[in-house]
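A.B. asks: need coordinates for the below:
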Amino acid sequence: MLREVLIKEGLSNREAEVAELVTQGLSNKEVASRLFVTEKTVKFHLTNIYKKMNVKSRAQLIVWCLPNMTFIERGGDKRNTDNTNGFSNGIPTGHSPVSSQNTEANTAETQTILPGSYNKVKF
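C.D. replies: Alright, predicted model coming up:
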């Protein structure tokens, strides 16, 4: 999909290939290796791509391409997206209230544990 958009923007097929590989995060050396060309050739294509796309850097090229990129899940990673029971792959998701006893005040507190963040829990 991205390649077709780039070609419609005026890039040659090879320039579109280079741009596509760059948007995947590959270095010039890695792009050269994949396309069986020299690193100098990749730099030449990038110069032409920048001129045609009216961008000044690799980062601007990637940002321009983002809306047209498709992100494909790698095979074998089948995640349960049905969160009706609050679980994904057997792991609870969302906020989970945790009760703890405050022995000094003899009152029960409810604290929220946030996934992936630093939580201060008193026991």
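
A.B. asks: what does the pLDDT read for Thr70?
C.D. replies: Thr70 carries a pLDDT score of 73 in this model.

A.B. asks: next, Ser12: phi, psi?
C.D. replies: phi -70, psi 170 (degrees, to the nearest 10).

A.B. asks: with Arg3 instead?
C.D. replies: phi -60, psi -40.

A.B. asks: burial count for it?
C.D. replies: 15 (other Cβ atoms under 10 Å). For the C-beta atoms, the positions are set from N, CA and C on the backbone; glycine is no exception.

A.B. asks: so who does it touch?
C.D. replies: 13, 16-17, 20 (Cβ atoms under 8 Å, 6 or more residues apart in numbering).

A.B. asks: go with 7 Å
C.D. replies: Counting by Cβ atoms under 7 Å, 6 or more residues apart in numbering, Arg3 makes contact with 16, 20.

A.B. asks: so how far is Trp64 from it?
C.D. replies: 14 Å (Cβ to Cβ, to the nearest Å).

A.B. asks: ranges for the helices of this structure?
C.D. replies: In the chain, the helices defined using DSSP state H lie at 2-8, 13-23, 28-35, 39-53, 58-65.

A.B. asks: so which of these is the most surrounded?
C.D. replies: Looking across the helices of the chain with neighbours counted as mean count of other Cβ atoms under 10 Å, the highest average goes to helix 13-23: a mean of 19.

A.B. asks: and that helix with helix 58-65, angle?
C.D. replies: 100 degrees (axes from the mean of the first three to the mean of the last three Cα atoms, to 10 degrees).
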